[in-house]
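>>> sequence plus the predicted model coming up.
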Amino acid sequence: MNIFIFIIILIALFFSLIIIYFLNKSTKSLSVSEVNNNIFKLQLNEIGKDLKMGVIKQEEYNLLKNELSRRILKYSLKNNLESKQGGKVEIYFFKLISVPIIIISSIIFYYSSGQPSLPDLPLSFREANGVPEVFYQRAIIHIDKQIINSEDSMELYILKANTLSTLNQNDQALIVWKHIIDNFQDKLDAITFLSYGEAIIQGAINKEDKIIISDEAKEVFENAAKLSSVDNEIGALARFYIGMHAYQNQNMLLANNIWGFILESAPDEASWKKQLEGQIKQFSDNKTNIQEQDIKSMVERLAKRLYDSDSQDVIQWQKLGRSYLVLGKIEEANKAYQKAYDLDISNIDSTKGLAESMLLSQKDNKNVSNNIIILFESILSKEENYPLALWIIAEHEMILNNYQRAKTLLNRLLIQLSEDSEEYNLVLNKLKEINN
């Protein structure tokens with residue numbers, strides 16, 4: 001406040017000096033010589049006309065001229081002196097009271113119309129930290145005063161709710177939002193429902209430190225969606241939050257359908273479309289990562305249980321092997337399938353899994369090891385049309401120059417494939433290679 005008063009005084013002095021400067025300029029009076037010259041010329045012209053018309057003689061003209069000059073000079077000196085003295089008193093009085101009047105008026109005006117209780121904050125502080133909370137607190141007081149006079153103004157309640165949210169007083173903001181929903185049902189629009197829903201989400205973030213779309217929030221966003229089209233920002237955001245509710249409840253099919261509908265319907269030139277695309281992609285990527293982490297965690301628990309108990313359950317070892325293959329952990333898959341195979345070498349699924357994992361772990365795929373060939377031969381003896389075994393054994397027979405058997409195996413594989421597939425063309429080329 002001291003700084004404010006000091007600034008007011010400086011400003012008042014500045015404007016007072018400007019006023020005094022212009023007053024000094026405006027009080028400049030005509031000089032005695034200027035008055036004499038003007039009056040003398042007027043009167044002299046008149047007696048000059050009388051002389052020309054013969055009304056007076058030359059001697060009379062000279063006497064009148066001298067007397068007129070003397071009287072005019074005396075009158076001019078007296079009046080000019082009196083006007084100067086009177087003007088000086090008025091100007092001095094005005095100068096004396098102008099400065100305090102301006103200072104007092106400025107302070108009174110600020111105290112009546114301004115906010116004298118607000119702190120004096122330098123601009124650098126405001127730029128670095130935004131608007132201080134005290135300004136929003138004063139705004140709440142001002143809004144409450146307006147509400148007393150206009151209780152039926154929904155806009156004032158919305159302004160209060162948003163201001164409370166800015167102050168992180170989300171519980172109080174939600175109370176105001178509920179008052180709006182309960183008392184202004186005939187005035188509610190899509191943006192009001194959207195703002196209320198986002199306030200509910202903010203409350204969850206404050207408590208759980210993460211975004212949670214509750215059933216209550218979902219219902220609010222559904223009301224917003226009913227009142228707005230998907231091709232505008234409000235309608236798109238409301239539906240986006242509905243999709244998030246499905247996403248959080250593990251219903252990815254519904255979430256993707258909702259989000260896909262939003263992106264298809266949104267205008268390409270809309271600036272908010274790109275932001276929504278980024279958010280949807282982020283949630284989709286997060287879901288994939290979460291699923292991968294869940295799978296890894298599940299597989300690690302299964303592996304620990306089987307190894308710690310030295311399990312004899314073939315099916316569980318097969319399950320562990322398949323899980324490791326999905327995760328791309330070939331060596332671990334190989335070990336798990338080996339456990340299953342050792343427990344029951346006649347189990348076709350264990351043989352298939354071990355053969356596939358060993359094949360994937362081999363660096364040189366052109367020269368398949370004899371151990372892998374033995375496994376695939378065992379598979380063909382039990383399942384003669386197993387595609388992978390037919391292909392691996394056929395290539396091995398070609399290396400051994402056993403072209404007739406290779407041709408037989410490839411033909412058995414070819415009839416299983418669709419003619420428009422890449423695999424069909426690959427097998428067909430192998431047959432042409434053998435025939436040539």
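Okay, I see it. Numbering: from 1, shown residues only.

>>> run through the residues that contact residue 369.
Applying Cβ atoms under 8 Å, 6 or more residues apart in numbering to residue 369 gives the contacts 358, 362. (Glycine included, C-beta is placed from N, CA and C.)

>>> ranking helices and strands of the protein by mean pLDDT, which lands last?
helix 123-129 (a mean of 48; mean pLDDT, DSSP states H and E).

>>> following that one, which helix or strand comes up?
From helix 123-129 onward toward the C-terminus, using DSSP states H and E, the following helix or strand is helix 133-149.

>>> immediately after that next one, which helix or strand?
Counting by DSSP H and E, the next helix or strand C-terminal to helix 133-149 is helix 154-166.

>>> how many other residues sit next to residue 189?
12 (other Cβ atoms under 10 Å).

>>> that one and residue 224: what is the separation?
As judged by Cβ to Cβ, to the nearest Å, residue 189 and residue 224 stand 9 Å apart.

>>> which residues touch the spatially closest residue to residue 229 that is not a sequence neighbour?
Leaving aside its sequence neighbours, residue 229 sits nearest to residue 235 (Cβ to Cβ, 6 or more residues apart in numbering; 4.8 Å). Residue 235 is in contact with 190, 224-225, 228-229, counting by Cβ under 8 Å, 6+ apart.

>>> hang on, residue 417 packs against residue 425?
No - contact between residue 417 and residue 425 fails when scored by Cβ atoms under 8 Å: they sit 9.1 Å apart.

>>> have a look at those two and say which one is more surrounded.
Per other Cβ under 10 Å, whichever of residue 417 and residue 425 has more neighbours is residue 417, with 16 against 12.

>>> what's the nearest residue to that one if we skip its chain neighbours?
Leaving aside its sequence neighbours, residue 417 sits nearest to residue 424 (Cβ to Cβ, 6+ apart; 4.2 Å).

>>> residues of the strand or helix carrying the one you found that come out buried?
If you go by DSSP H and E, residue 424 is part of helix 422-435. For helix 422-435, the buried set under the neighbour-count rule, 16 or more other Cβ atoms under 10 Å, comprises 424, 427, 430-431.

>>> any chance of those in TSV, with distance to residue 370 and pLDDT too?
Output for the buried residues of helix 422-435, formatted as TSV (distance: Cβ to Cβ, whole Å; pLDDT from 0 to 100):
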residue	distance to residue 370	pLDDT
424	29	89
427	24	90
430	22	88
431	25	90
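
>>> ok, of these, which one's closest to residue 58?
Checking the buried residues of helix 422-435 against residue 58 by Cβ to Cβ gives residue 424 as the nearest, at 143.6 Å.

>>> quick one: contacts for the closest one?
Under the contact definition (Cβ under 8 Å, 6+ apart), the residues listed for residue 424 are 414, 417-418.

>>> now do the residue nearest to the spatial centre of the chain against residue 144, distance only.
Nearest to the mean C-alpha position of the chain, counting by Cα atoms, centre = their mean, stands residue 275 at 8.5 Å. In this structure, residue 275 and residue 144 are 35 Å apart, going by Cβ to Cβ.

>>> contacting residues around the helix or strand where residue 318 lies?
Using DSSP H and E, the element containing residue 318 is helix 314-327. Outside helix 314-327, the residues within contact range by Cβ under 8 Å, 6+ apart are 292, 295-296, 298-299, 302-303, 306, 311, 330, 332-334, 336-337, 339-340, 343-344, 347, 349-350, 353-354, 356-357, 360.

>>> need the three-state assignment for residue 419.
Here residue 419 is recorded as coil under DSSP: H, G, I helix; E, B strand; the rest coil.

>>> before we move on, back to that, could you look up the SS state of the residue nearest to residue 229?
Assigned state for residue 235: helix (three-state reduction, three-state DSSP).

>>> so what's residue 157 closest to, chain neighbours aside?
Excluding the flanking residues, the one nearest residue 157 by Cβ to Cβ, 6+ apart is residue 180, at 5.0 Å.

>>> which residues in the stretch 301-436 of the chain form helices?
Secondary structure of the stretch 301-436 of the chain, counting by DSSP state H, counting those that start in this stretch: helices at 314-327, 330-343, 348-361, 370-382, 387-399, 403-414, 422-435.

>>> for the closest residue to residue 410 other than its chain neighbours, grab the count of nearby residues.
Here the nearest residue to residue 410 in space, its sequence neighbours aside, is residue 394; by Cβ to Cβ, 6+ apart that works out to 5.0 Å. Neighbour count of residue 394, defined by other Cβ under 10 Å: 24.

>>> wait, what's in contact with residue 394?
Residues near residue 394 by Cβ under 8 Å, 6+ apart: 405-406, 409-410, 413, 430.

>>> could you rerun that using 6 Å?
Contact analysis of residue 394 by Cβ atoms under 6 Å, 6 or more residues apart in numbering lists 406, 409-410.

>>> got it, and residue 336?
By Cβ under 6 Å, 6+ apart, the contact set of residue 336 is 317, 320-321, 324.

>>> which one of these sits closest to residue 51?
So of the contacts of residue 336, ranked by how close each gets to residue 51 (Cβ to Cβ), first place is residue 324, at 137.3 Å.

>>> to which secondary structure element is the closest residue to residue 212 other than its chain neighbours assigned?
Excluding the flanking residues, the one nearest residue 212 by Cβ to Cβ, 6+ apart is residue 204, at 4.1 Å. According to DSSP H and E, residue 204 maps onto helix 190-208.

>>> now that helix: buried residues?
Those would be 190-204, for helix 190-208 by 16+ other Cβ under 10 Å.

>>> again, but for stretch 394-407
Within stretch 394-407, the residues scored as buried using 16+ other Cβ under 10 Å are 394-398, 406-407.

>>> let me see the contact set for residue 159.
Residue 159 neighbours (Cβ under 6 Å, 6+ apart): residue 143.

>>> and it, how far from residue 233?
As for residue 159, its distance to residue 233 is 21 Å (criterion: Cβ to Cβ).

>>> could you do residue 397 as well?
As judged by Cβ to Cβ, residue 397 and residue 233 stand 65 Å apart.

>>> still on that earlier bit, make CSV from the contacts of residue 394 and add distance to residue 390 to it.
Formatted as CSV, the contacts of residue 394 follow (distance: Cβ to Cβ, whole Å):
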residue, distance to residue 390
406, 10
409, 5
410, 7
